[in-house]
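K.L.:
A predicted structure for the sequence below; I have some questions about it.
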Number of protein chains: 2
Amino acid sequence: MAGKIFFSVSMSLDGFIAPESPNELMGRQWMELQQWVFQQRFFRENLKLGQGGEEGRDNDILRQTFERTGASVMGKRLFDAGEQAWPEEAPFHTPVFVVTHEKRDPWERPGGTVFHFVNDGIGSALEQARKAAGDRDVRIAGGGATIVQYLNAGLVDEFSLALSPVLFGAGIRLFEGVDANRIALEPIRAEPTQRVTHLTYAVRKR
Amino acid sequence: MAGKIFFSVSMSLDGFIAPESPNELMGRQWMELQQWVFQQRFFRENLKLGQGGEEGRDNDILRQTFERTGASVMGKRLFDAGEQAWPEEAPFHTPVFVVTHEKRDPWERPGGTVFHFVNDGIGSALEQARKAAGDRDVRIAGGGATIVQYLNAGLVDEFSLALSPVLFGAGIRLFEGVDANRIALEPIRAEPTQRVTHLTYAVRKR
């Protein structure tokens, strides 16, 4: 049985998932947006930051998102930002397919993450990710433009948002350029926790 | 005891509360956004559309929002759209203060709605609405630009969103132009219903 294609991001109440410039990644807004993640036991474990951290629904949801993921796909912009930010042992621990024009050999990291650079488009990257994922799901890791490309191509089965009580005012919008006339959403789950509201929707064609 | 200043709107998942043009108000997206309202018993009662309609949490929330409101404030653009759309017996049944440059005598409707046209700014309109509301709350009815003016002026105590499983792609954004650096949000309530997710936040100054 093939897995699902999904994405899962933290979104501000005004619809942003990242600041405009990667230089602002340590800025106030992005830190607040991701705050619920940094507190969790799974986040600390996965990045080898040591013991401790919260356990509870937020932690369970992070862990489940990780465990369901057999491979990830990401855009070049997210990869470039991450290449600077991820530790030596990148937090994916699966194959990751980077959609890019750059030709580059696979980049293997300790802990099982292997970045593959795909030059022939989002469909090809997804196909390779599906094969690598086996029975597990494929996560479209981001960024926003890549997620919208997959949404508009009808290639996303469902998505989850951690809606954070933060306003950005500017930055990268999750749904910028989405083809709203071709996409219908069906609510699957909504679960408020202490820090955010977790929302899951299935994506249907109109 | 003075009431609270609040707003309460239906928002699409990508942050829109209305189409760009009032001509699209009967369009597919806006109808889907407001669908949860049209089904409710209170909506039918209040607009004298006859018996029937759903009862449940969505209906309770609509009714509570109406009952807490002692007066409303709105922008001229919303008033202009509403003037065409509201029935003879407008659905407010309280004083409504319209922020506008137009000089016009108060406009009294059957059923207790009286529109007052305020020419000296949002602070004055709010002050008049506070007095008219007595112990009850003042609702900033909209549109988006008027809500953001009040938010940025630090004059909103709390707000509620009915987050709908709809994507607009374009239109009027709720938080367009918000001064994100001066506003902090504190989650008060989050309640998923069958149709939408009801979210309430208190507004704090940073």
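P.N.:
Perfect, thanks for sending it. Residues are numbered from 1 along each chain as shown, chains lettered A, B, ... in the order given.
K.L.:
Quick check: which element contains the residue nearest the centre of chain A?
P.N.:
Geometric centre of chain A, nearest residue: A:Ala141, 3.1 Å, by CA atoms, centre = their mean. Assessed by DSSP states H and E, A:Ala141 sits inside strand A:137-142.
K.L.:
continuing past that strand, what's the next helix or strand?
P.N.:
Criterion used, DSSP H and E; the element after strand A:137-142 is helix A:144-152.
K.L.:
which outside residues touch that next one?
P.N.:
Here helix A:144-152 makes contact (CB atoms under 8 Å, 6 or more residues apart in numbering or on different chains) with A:5, A:7, A:9, A:17-18, A:73-75, A:77-78, A:99, A:122, A:126, A:140, A:156, A:159, A:172-179, A:182-183, A:203. Every C-beta, even on glycine, is put in place using the N, C-alpha and C of the backbone.
K.L.:
burial measure for A:Met74, as a count.
P.N.:
A:Met74 has 24 neighbours, counted by other CB atoms under 10 Å in any protein chain shown.
K.L.:
Ok, A:Asp135 next?
P.N.:
A:Asp135 has 8 neighbouring residues, counting by other CB under 10 Å.
K.L.:
need the helices for chain A, in chain order.
P.N.:
With DSSP state H as the criterion, chain A has helices at A:28-38, A:41-46, A:57-68, A:76-85, A:121-133, A:144-152.
K.L.:
and those, which is most packed in?
P.N.:
helix A:144-152 (a mean of 20; mean count of other CB atoms under 10 Å in any protein chain shown).
K.L.:
picking up where we left off before, got the helices of chain A as TSV, with distance to A:Glu108 and mean pLDDT columns?
P.N.:
Output for the helices of chain A, formatted as TSV (distance: least, CB to CB, whole Å; pLDDT from 0 to 100):
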stretch	distance to A:Glu108	mean pLDDT
helix A:28-38	26	91
helix A:41-46	18	92
helix A:57-68	20	97
helix A:76-85	14	91
helix A:121-133	14	98
helix A:144-152	22	97
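K.L.:
For chain B, see how far away A:Ala85 is.
P.N.:
23 Å (CB to the nearest CB, to the nearest Å).
K.L.:
got the residues of chain A near chain B?
P.N.:
Counting by CB under 8 Å from any CB of the partner chain, chain A comes close to chain B at A:13-15, A:29, A:161, A:163, A:165-170, A:173-175, A:177-181, A:183, A:185-187, A:190-192, A:197, A:199, A:201.
K.L.:
just checking, which of these belong to strands?
P.N.:
Of the residues of chain A next to chain B, the ones assigned to strands by DSSP state E are A:161, A:163, A:173, A:183, A:185-187, A:190-192, A:197, A:199, A:201.
K.L.:
In ChimeraX, how would I select just the buried ones from those residues?
P.N.:
Selection of the buried residues among those in ChimeraX, burial being defined by 16 or more other CB atoms under 10 Å in any protein chain shown:
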select /A:161,163,173,183,185,187,190,191,192,197,199,201
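K.L.:
which of the ones in strands among the residues of chain A next to chain B sit farthest apart?
P.N.:
A:Ile183 and A:Pro192 (24.8 Å; CB to CB).
K.L.:
Make JSON lines from the ones in strands among the residues of chain A next to chain B and add pLDDT to it.
P.N.:
Shown next, in JSON lines, are these (pLDDT from 0 to 100):
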{"residue": "A:Leu161", "pLDDT": "98"}
{"residue": "A:Leu163", "pLDDT": "98"}
{"residue": "A:Arg173", "pLDDT": "96"}
{"residue": "A:Ile183", "pLDDT": "95"}
{"residue": "A:Leu185", "pLDDT": "97"}
{"residue": "A:Glu186", "pLDDT": "96"}
{"residue": "A:Pro187", "pLDDT": "96"}
{"residue": "A:Ala190", "pLDDT": "96"}
{"residue": "A:Glu191", "pLDDT": "96"}
{"residue": "A:Pro192", "pLDDT": "95"}
{"residue": "A:Thr197", "pLDDT": "97"}
{"residue": "A:Leu199", "pLDDT": "98"}
{"residue": "A:Tyr201", "pLDDT": "98"}
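K.L.:
Going through the contacts of helix A:144-152, which ones are buried?
P.N.:
A:5, A:7, A:9, A:17-18, A:73-75, A:77-78, A:99, A:122, A:126, A:140, A:156, A:159, A:172-175, A:178, A:183, A:203.
K.L.:
quick one: contacts for A:Leu161?
P.N.:
A:8-11, A:174, A:198-200, B:13.
K.L.:
try 7 Å this time
P.N.:
A:9, A:11, A:199 (CB atoms under 7 Å, 6 or more residues apart in numbering or on different chains).
K.L.:
Please report how far A:Ala81 lies from chain B.
P.N.:
Applying CB to the nearest CB, the value for A:Ala81 to chain B is 21 Å.
K.L.:
ok, so what distance separates that residue from B:Ala202?
P.N.:
33 Å (CB to CB, to the nearest Å).
K.L.:
again, but for A:Pro187
P.N.:
Taking CB to CB as the measure, A:Pro187 falls 25 Å from B:Ala202.
K.L.:
One more: A:Ile5?
P.N.:
Distance of A:Ile5 to B:Ala202, given as CB to CB: 37 Å.
K.L.:
With A:Leu78 instead?
P.N.:
The value you get for A:Leu78 to B:Ala202, if CB to CB is used, is 33 Å.
K.L.:
What of A:Arg57?
P.N.:
From A:Arg57 over to B:Ala202 (counting by CB to CB), the distance is 22 Å.
K.L.:
In CSV, list the C-alpha atoms belonging to stretch A:37-47.
P.N.:
This file holds the C-alpha atoms of stretch A:37-47, laid out as CSV (Å, rounded to 0.1, in the frame of the first residue of the first chain):
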residue,chain,number,x,y,z
VAL,A,37,8.3,22.7,18.9
PHE,A,38,11.5,23.8,20.7
GLN,A,39,9.9,22.8,24.1
GLN,A,40,9.2,19.2,23.1
ARG,A,41,11.0,16.1,24.2
PHE,A,42,11.0,14.6,20.7
PHE,A,43,12.6,17.8,19.3
ARG,A,44,15.4,17.6,21.8
GLU,A,45,15.9,13.9,21.3
ASN,A,46,15.9,14.1,17.5
LEU,A,47,18.5,16.9,17.5
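K.L.:
Any chance you could list what contacts it?
P.N.:
A:10, A:50, A:52-55, A:58-59, A:62-63, A:66, A:87, A:91.
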